[in-house]
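1. Sequence and predicted structure, then a few things I'm wondering about:
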Amino acid sequence: MIKKIVSIKGVGRFKNCSATGDVELRRAALVYAPNGRGKTTLCDVFRSLKTGVPDTVVGRSTLGAPTP
């Protein structure tokens with residue numbers, strides 16, 4: 001089970017996203033944001049971690065970012 005996300009870099013809208021404060025994921029977590037803010041990208045990151053297949057994340061690399 002994923003306990004927390006420390007950082008996401010170079011994936012979709014997450015160019016260089018780092019966690020601060022209490023970011024532990026519990027049994028139920030609500031992700032709320034306006035359209036186009038990265039909710040689906042976050043789901044793809046979780047899906048990639050679950051299946052072990054990086055294709056969904058590789059296909060969402062941030063455009064113009066130096067991070068592969």
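-> Yep, it's here.
2. ok, and the closest non-adjacent residue to V31?
-> Nearest non-adjacent residue to V31, counting by C-beta to C-beta, 6 or more residues apart in numbering: K39, 5.6 Å away. Every C-beta, even on glycine, is put in place using the N, C-alpha and C of the backbone.
3. typo on my end, F14
-> The shortest distance from F14 to any non-neighbouring residue, by C-beta to C-beta, 6+ apart, is to I8 (4.1 Å).
4. quick one: contacts for that neighbour?
-> Residues in contact with I8 (C-beta atoms under 8 Å, 6 or more residues apart in numbering) are 14, 17, 42, 45.
5. Mark which of those residues are buried, thanks.
-> Buried by 16 or more other C-beta atoms under 10 Å: 14, 17, 42, 45, out of the contacts of I8.
6. Please compute how far the helix or strand harbouring the last one lies from its chain's middle.
-> Remark: V45 resides in helix 39-51, with elements defined by DSSP states H and E. Its chain's C-alpha centre and that of helix 39-51 lie 7 Å apart, by C-alpha atoms, centre = their mean, to the nearest Å.
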